[in-house]
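Novice: My questions concern the predicted model and sequence given below.
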Amino acid sequence: MNSNSSITKKPLRAIDALAEAQKIAFAPFIFQTTVSLRNLGVFNLIFDKRSKGGVTIEELSTALSLSTYGLGVLLEIAESAGIVLKNEAEKYELTKTGYFLNYNKTVDVNINFTQDVCYKGLFYLEEAIRTGKPAGLKEFGDWNTIYDGLSQLDPEVQRSWFEFDHHYSDEIFEHALERAFASNPSSLYDVGGNTGKFAMQCCAYNKDVKITIFDLPGQLKKALTNVADAGYGERVNGVPIDWLAPNPQMVSGADVIWMSQFLDCFSEEEIVKILSVCVQAMDATTELFIIETFTDRQQFDNAKFVLEATSLYFTALANGNSKMYSSTVFLRLIEKAGLKVMEDTALGDFHTMLVCKKQ
């Protein structure tokens with residue numbers, strides 16, 4: 001076997017590879033342990049006692065009104081997983097990994113999304129792969145896609161879903177808004193408006209712009225309610241649309257069409273269909289903005305890993321046929337739909353903004 005055919009870039013000893021395999025085999029146990037230690041307040045209390053050299057299991061038991069048995073089974077596996085450590089004084093401390101699991105905002109959002117939205121549905125991943133359908137969605141309801149039922153999900157599930165969605169987009173809006181309004185558009189179409197958050201930011205940014213939100217009926221109703229509550233009801237209207245229907249339509253008249261983290265919710269064929277509908281509504285001056293997190297444009301491996309994990313959410317729960325795409329795939333689909341990319345700009349640490357016009 002030559003060096004180019006090695007299994008990994010950095011070959012592991014067999015014993016280390018076996019240890020990694022065992023961690024994967026019991027990964028759900030470690031994840032649920034992490035969620036339990038976080039939710040029960042164990043992580044917080046251990047961290048609060050760091051200046052005193054940690055905390056004993058008896059002290060944790062007294063402070064949290066939990067049995068030493070229950071705490072013991074959690075802390076033992078957490079120690080083996082490198083989340084906590086027990087020092088020579090038999091006191092528990094957080095490792096750096098444990099600290100990030102409890103106090104890093106991005107990790108927190110990812111844990112909530114995994115636990116509340118994905119965990120039960122991922123059990124049906126194999127079925128989803130075999131059928132091409134979001135087999136895990138049955139855990140929430142009888143819908144074709146998660147978007148059909150998004151407005152009906154349990155509030156806690158909705159909260160975790162939207163926190164995940166917004167966490168990976170909010171940081172780039174300031175710069176994106178500056179570019180979107182560079183041509184001083186009077187009319188902007190927000191495709192996939194979700195909670196109406198972006199529409200409200202547009203209204204706050206420009207006092208004259210008129211916004212039209214395109215979304216599924218249930219979600220559109222919630223978005224327009226949020227917009228009206230914020231005082232922008234007179235400048236924002238909505239058009240209910242199902243992009244998976246046989247012949248969706250978009251009226252012309254937009255100076256800017258905006259799609260942020262929207263197209264990754266569809267298959268390649270569906271993306272071409274959606275963009276083609278937009279092309280029919282565009283004139284030579286209309287700008288179409290696509291903002292996505294592309295797997296092949298991530299600076300850090302952990303960001304690529306998160307995106308690839310998110311693809312499995314799409315497979316098992318969201319729709320069964322979409323994913324987080326590479327930029328090379330998107331550029332090909334954009335051209336196929338009759339668009340040309342005028343600008344290709346990095347936004348923040350994770351996102352890319354493509355500004356397109358009709359060919």
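Specialist: Yep, that arrived.
Novice: Quick check, Gln299 in contact with His351.
Specialist: No: Gln299 is beyond contact range of His351, at 11.7 Å (criterion: C-beta atoms under 8 Å). From N, CA and C alone the C-beta is placed, and that goes for glycine too.
Novice: With neighbour numbers in mind, choose between the two.
Specialist: Between Gln299 and His351, counting by other C-beta atoms under 10 Å, His351 is the more crowded of the two (21 against 10).
Novice: Grab the nearest non-local neighbour of that one.
Specialist: Closest residue to His351 in three dimensions, ignoring its sequence neighbours and counting by C-beta to C-beta, 6 or more residues apart in numbering: Ile172, at 5.0 Å.
Novice: which stretches of the stretch 101-250 of the chain form helices?
Specialist: Secondary structure of the stretch 101-250 of the chain, counting by DSSP state H, counting those that start in this stretch: helices at 105-112, 125-131, 146-149, 155-167, 173-180, 197-205, 217-229.
Novice: Can you name every helix or strand that the shortest one contacts?
Specialist: Using 3 or more C-beta pairs under 8 Å, 6 or more residues apart in numbering; DSSP states H and E as the contact criterion, the secondary-structure elements in contact with helix 146-149 are helix 217-229.
Novice: In the helix it packs on, which residues are buried?
Specialist: 219-220, 222-224, 226-227 (16 or more other C-beta atoms under 10 Å).
Novice: I'd like the mean pLDDT over that helix, please.
Specialist: In this model, helix 217-229 has a mean pLDDT of 94.
Novice: Stretch 245-254 too?
Specialist: The model assigns stretch 245-254 a mean pLDDT of 94.
Novice: mind listing what's buried in it?
Specialist: Buried residues in stretch 245-254, counted by 16+ other C-beta under 10 Å: 250, 254.
Novice: can I get the CA coordinates of it in PDB?
Specialist: What follows is stretch 245-254, C-alpha atoms only, in PDB (Å, rounded to 0.1, in the frame of the first residue of the first chain):
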ATOM      1  CA  ALA A 245     -46.300  23.100  -6.400                       C
ATOM      2  CA  PRO A 246     -46.400  22.400 -10.200                       C
ATOM      3  CA  ASN A 247     -46.400  26.000 -11.400                       C
ATOM      4  CA  PRO A 248     -45.400  28.600  -8.700                       C
ATOM      5  CA  GLN A 249     -45.500  32.200  -9.900                       C
ATOM      6  CA  MET A 250     -43.700  35.400  -8.900                       C
ATOM      7  CA  VAL A 251     -45.000  38.800 -10.100                       C
ATOM      8  CA  SER A 252     -42.500  41.200 -11.600                       C
ATOM      9  CA  GLY A 253     -41.600  44.500 -10.100                       C
ATOM     10  CA  ALA A 254     -38.700  43.800  -7.700                       C
END
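Novice: Give me the residues contacting it.
Specialist: Contact with stretch 245-254 is made by 185, 187-189, 212, 214, 239, 241-242, 273-274, 277-278, 280-283, 286, as judged by C-beta atoms under 8 Å, 6 or more residues apart in numbering.
Novice: If we use 6 Å, what do you get?
Specialist: For stretch 245-254, contacts defined as C-beta atoms under 6 Å, 6 or more residues apart in numbering pick out 187, 189, 241, 277, 281, 286.
Novice: Report the distance from it to the chain centre.
Specialist: Centroid separation for stretch 245-254 versus its chain: 27 Å, with C-alpha atoms, centre = their mean, to the nearest Å.
Novice: And stretch 83-97, what's buried?
Specialist: Within stretch 83-97, the residues that count as buried by 16+ other C-beta under 10 Å are 83-84, 86, 91-94.
Novice: farthest pair in these?
Specialist: Greatest spacing in the buried residues of stretch 83-97, by C-beta to C-beta: Ile83 and Lys91 (15.3 Å).
Novice: helix or strand for Val329, which one?
Specialist: For Val329, the element it lies in under DSSP states H and E is helix 327-336.
Novice: Could you look up the next helix or strand downstream of that helix?
Specialist: Following helix 327-336 in sequence order, the next helix or strand is strand 339-347 (DSSP H and E).
Novice: Next secondary structure element downstream of that following strand?
Specialist: As assigned by DSSP H and E, the chain's next helix or strand after strand 339-347 is strand 351-358.
Novice: Show me what that following strand is packed up against.
Specialist: Secondary-structure packing of strand 351-358 (3 or more C-beta pairs under 6 Å, 6 or more residues apart in numbering; DSSP states H and E): strand 287-292, strand 339-347.
Novice: mind checking how far it is from the chain centre?
Specialist: 20 Å.
Novice: Now do that strand against strand 339-347, angle only.
Specialist: Counting by axes from the mean of the first three to the mean of the last three C-alpha atoms, to 10 degrees, strand 351-358 lies at 160 degrees to strand 339-347.
Novice: Between helix 173-180 and strand 351-358, find me the angle.
Specialist: Strand 351-358 and helix 173-180 are oriented at 20 degrees to each other (the same axes, to 10 degrees).
Novice: Give the partner strands of strand 351-358 in its sheet and their orientations.
Specialist: According to DSSP bridges, strand 351-358 forms sheet pairs with strand 287-292 (antiparallel), strand 339-347 (antiparallel).
Novice: burial measure for the residue nearest to Asp255 when sequence neighbours are not counted, as a count.
Specialist: Closest residue to Asp255 in three dimensions, ignoring its sequence neighbours and counting by C-beta to C-beta, 6+ apart: Pro185, at 3.4 Å. Neighbourhood size, Pro185 [other C-beta under 10 Å]: 22.
Novice: Fine, thanks again, bye for now.
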